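Colleague: Have a look at this prediction, sequence included:
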Amino acid sequence: MNTETLTPDEQARAQHRLEFARAWMARKRQEQQEMIEEAKTNPEIIAAFAELDRRAAERGTRIIEL
């Protein structure tokens, strides 16, 4: 978006949307990292992944590693 042709009000709104999007993406990345960390440390999730891995090995496929 070319902000040079926008009015000051439009520029302020565009800047607000940009800041909102950046904050949203930062929260999303943080939540993803927390989920990955939980998947690596929670015994129930580890057991579920082990079961999925076992079933995948039986089929000759594999699951994606975190």
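Modeller: Happy to help now that I have it.

Colleague: So what's the gap between the helix or strand harbouring residue 25 and the chain middle?
Modeller: Secondary structure from DSSP states H and E places residue 25 in helix 8-41. Centroid displacement of helix 8-41 relative to its chain, using Cα atoms, centre = their mean, to the nearest Å, is 10 Å.

Colleague: now swap in stretch 5-18 and tell me
Modeller: Worked out by Cα atoms, centre = their mean, stretch 5-18 lies 27 Å from the chain centre.

Colleague: Send me it as CSV with only the CA atoms.
Modeller: As requested, the backbone C-alpha atoms of stretch 5-18 are provided in CSV (Å, rounded to 0.1, in the frame of the first residue of the first chain):
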residue,chain,number,x,y,z
THR,A,5,-1.2,9.1,-1.3
LEU,A,6,-3.3,8.6,1.8
THR,A,7,-4.8,11.4,3.9
PRO,A,8,-3.4,11.7,7.4
ASP,A,9,-6.6,10.0,8.8
GLU,A,10,-6.1,7.1,6.4
GLN,A,11,-2.4,6.9,7.3
ALA,A,12,-3.3,6.7,11.0
ARG,A,13,-5.8,3.9,10.3
ALA,A,14,-3.3,2.1,8.1
GLN,A,15,-0.7,2.4,10.8
HIS,A,16,-3.1,1.1,13.4
ARG,A,17,-4.0,-1.9,11.3
LEU,A,18,-0.3,-2.6,10.7
